[in-house]
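Engineer: Sequence first, predicted coordinates after that:
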Amino acid sequence: MTRWWMVCCLTLEWLALGVWVGGLLVLIGAVIPAVFNTFGGQDVGGLFLTQAFEGYNRFVIGAVTIMCAAAWYRWWSGDEAVAISRSELVLLAGMGLIAFVIVVVLHPHAASLQAQAFAVKEEAARKAAFEDFFRVLIPVRAIYMVNLALGILLIGIRTYRSLSREKVLT
């Protein structure tokens, strides 16, 4: 039974990591270009993207929860074959911290600035409101990219460790 629990644990962990990295790749590579090439208006496209990133953020909360629980279970099991390395823990902690800052602080602030910018009717005030919004959005995008890079790095570490274990077994 323990072996099946570990298989389930590792499967969920890889799935969560796939959602984390794959979701962001799809948003950046497909959704954002499609939105601005299809919707025609900055207001409608911007609102759609805000909603898309809010949905992605909910998936990230679930993914980080699963990855932390899986890391704990791997540590708790004491099985050397699935032991969690310090580098994995550091990356996971960094990814979780960055996700927390995005989900709890930066994204809500950016969304409120966006709503304020859309509500302004006078052109000069609207331009200033959008400048405030984009000033916050630029670092948010950069932080998302850092989190993407950390997720890819974690995949690489997990893959390397899997291959190293397989080499020992053969």
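Structural biologist: Sure, I can see it.
Engineer: Could I get the CA-only coordinates of stretch 70-88 as PDB?
Structural biologist: Extracted C-alpha coordinates of stretch 70-88, given in PDB (Å, rounded to 0.1, in the frame of the first residue of the first chain):
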ATOM      1  CA  ALA A  70       4.000  15.700  -1.700                       C
ATOM      2  CA  ALA A  71       7.400  17.100  -0.500                       C
ATOM      3  CA  TRP A  72       6.300  16.500   3.100                       C
ATOM      4  CA  TYR A  73       5.100  12.900   2.300                       C
ATOM      5  CA  ARG A  74       8.400  12.200   0.500                       C
ATOM      6  CA  TRP A  75      10.400  13.400   3.500                       C
ATOM      7  CA  TRP A  76       8.100  11.600   5.900                       C
ATOM      8  CA  SER A  77       8.400   8.300   4.100                       C
ATOM      9  CA  GLY A  78      12.200   8.300   4.700                       C
ATOM     10  CA  ASP A  79      12.600   6.400   1.400                       C
ATOM     11  CA  GLU A  80      16.000   7.400  -0.100                       C
ATOM     12  CA  ALA A  81      14.700   6.700  -3.600                       C
ATOM     13  CA  VAL A  82      12.300   9.700  -3.300                       C
ATOM     14  CA  ALA A  83      14.100  11.800  -0.800                       C
ATOM     15  CA  ILE A  84      13.600  15.500  -1.300                       C
ATOM     16  CA  SER A  85      16.800  17.500  -1.900                       C
ATOM     17  CA  ARG A  86      17.700  20.800  -0.400                       C
ATOM     18  CA  SER A  87      17.700  22.400  -3.800                       C
ATOM     19  CA  GLU A  88      14.100  21.200  -4.400                       C
END
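Engineer: So for that stretch, what gets flagged as buried?
Structural biologist: For stretch 70-88, the neighbour count (16 or more other CB atoms under 10 Å) marks 70-71, 73-74, 77, 82, 84, 88 as buried. For glycine as for every other residue, the C-beta is placed from the backbone atoms N, C-alpha and C.
Engineer: pLDDT averaged over it - what is it?
Structural biologist: Averaged across stretch 70-88, pLDDT comes to 91.
Engineer: How about residues contacting the helix or strand containing residue 115?
Structural biologist: Element membership for residue 115 (DSSP states H and E) is helix 107-119. Applying CB atoms under 8 Å, 6 or more residues apart in numbering, the contact partners of helix 107-119 are 43, 46-47, 50, 53-54, 57, 126, 129-130, 132-133, 136-137, 140.
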